[in-house]
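> following is a predicted model, sequence given first.
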Amino acid sequence: MPNQENVYVAIAKHPILSFYFDVFRAVCMTPGMRLLIVGYSFRDSHVNEIIVDGIRSGGLKLFIIDPKSPAELRSGEASQIRRAFYRGVFE
């Protein structure tokens, strides 16, 4: 798995990736924006950072669609991933 710095280097090497990365950041930072998340594992820290920044700075609202039941989301790997993400948002 690439480390955080390598991900940014890889993105910077490809103009289309840089463009979409910058657009995603700009949209997430737009005040009052809403983000619908479907099928995302929250394992990409470079994406999570943008989402967290949007929540903290721009008031980004998340709507998460997940096939797991609420009980499943509160236990196991999914819970650990989401807890780590929410710690980043609410600390």
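That came in fine, so what should we check first? Numbering: from 1, shown residues only.
> only C-alpha atoms for contact and neighbour calcs from this point on.
Fine.
> which residues does Met33 contact?
27, 58-61 (CA atoms under 8 Å, 6 or more residues apart in numbering).
> which of those fall in helices?
Those of those mapping onto helices are Val27, per DSSP state H.
> which of the contacts of Met33 has the most neighbours?
Highest neighbour count within these: Leu60, with 20 neighbours (other CA atoms under 10 Å).
> about what we covered before: looking at the contacts of Met33, which gets the smallest pLDDT?
On pLDDT alone, Gly58 ranks lowest of the contacts of Met33, at 77.
> so it touches Met29, yeah?
Yes: with contact defined as CA atoms under 8 Å, Gly58 counts as touching Met29 (4.9 Å).
> sorry, back to before: any chance of the contacts of Met33 in CSV, with distance to Ala10 too?
Shown next, in CSV, are the contacts of Met33 (distance: CA to CA, whole Å):
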residue, distance to Ala10
Val27, 21
Gly58, 27
Gly59, 29
Leu60, 27
Lys61, 29
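> narrow the contacts of Met33 to those in strands?
With strands taken from DSSP state E, the overlap with those comprises Lys61.
> where does the residue sitting furthest away from the middle of the chain land in three-state SS?
Relative to the C-alpha centroid of the chain, counting by CA atoms, centre = their mean, Ala71 is the outermost residue, at 22.2 Å. Secondary structure, DSSP: H, G, I helix; E, B strand; the rest coil: Ala71 is helix.
> shaky segments in the chain?
Applying pLDDT under 70 to the chain picks out residues 1-5, 70, 73-91.
> can you give me the helices for it?
Secondary structure of the chain (DSSP H): helices at 4-12, 15-28, 45-53, 70-73, 76-90.
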